[in-house]
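Engineer: Structure for this input, please:
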Amino acid sequence: MTMIHYLPAANRSTHRPSSGGWLHRLSSHVSAAYASWRRARMLRALEALPPETLKDIGWPTTDNNRISLIRK
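Structural biologist: Below is the predicted model:
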């Protein structure tokens, strides 16, 4: 059985704070930081591979301008 209780009109608050606004922003910030960390870890792993393997998978090996664009 469900019971519903109503507050009298005099006690109702017109201001309702956002229940999850700050929590959503915090979780977005944490997930962005985690994604950045995972991306950096992946790039370190790729850059640690031998040049022959990098060439086989199509990774740029000598063009420093392209690598700096990828790291941004």
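Engineer: how many neighbours does Leu49 have?
Structural biologist: By other Cβ atoms under 10 Å, 13 other residues sit near Leu49. In short, each C-beta sits where N, CA and C put it, glycine included.
Engineer: how far away is it from Trp37?
Structural biologist: Shown here: Leu49 relative to Trp37, a distance of 20 Å by Cβ to Cβ, to the nearest Å.
Engineer: Same question for Leu26.
Structural biologist: Look at Leu26 and Trp37: by Cβ to Cβ, they are 17 Å apart.
Engineer: List the first helix or strand encountered after the one helix or strand His24 maps to toward the C-terminus.
Structural biologist: Secondary structure assignment for His24, by DSSP states H and E: helix 21-47. Using DSSP H and E, the helix or strand that directly follows helix 21-47 along the chain is helix 51-57.
Engineer: what about that next one, average pLDDT?
Structural biologist: Helix 51-57 comes out with an average pLDDT of 86.
Engineer: for stretch 28-44, same thing?
Structural biologist: Rounded mean pLDDT across stretch 28-44 is 94.
Engineer: Which pLDDT does the model give Arg66?
Structural biologist: 54.
Engineer: let me fix that: Ala48
Structural biologist: For Ala48, the model assigns a pLDDT of 86.
Engineer: One more: Tyr6?
Structural biologist: Looking at Tyr6, its pLDDT is 64.
Engineer: Next: the one 4 residues further on.
Structural biologist: If you check Ala10, the pLDDT there is 59.
Engineer: Ok, the one 10 residues further on next?
Structural biologist: Looking at Gly20, its pLDDT stands at 68.
Engineer: So Pro60, which state does it fall into?
Structural biologist: Of the three states, Pro60 takes coil under DSSP: H, G, I helix; E, B strand; the rest coil.
Engineer: Thanks a lot, see you next time.
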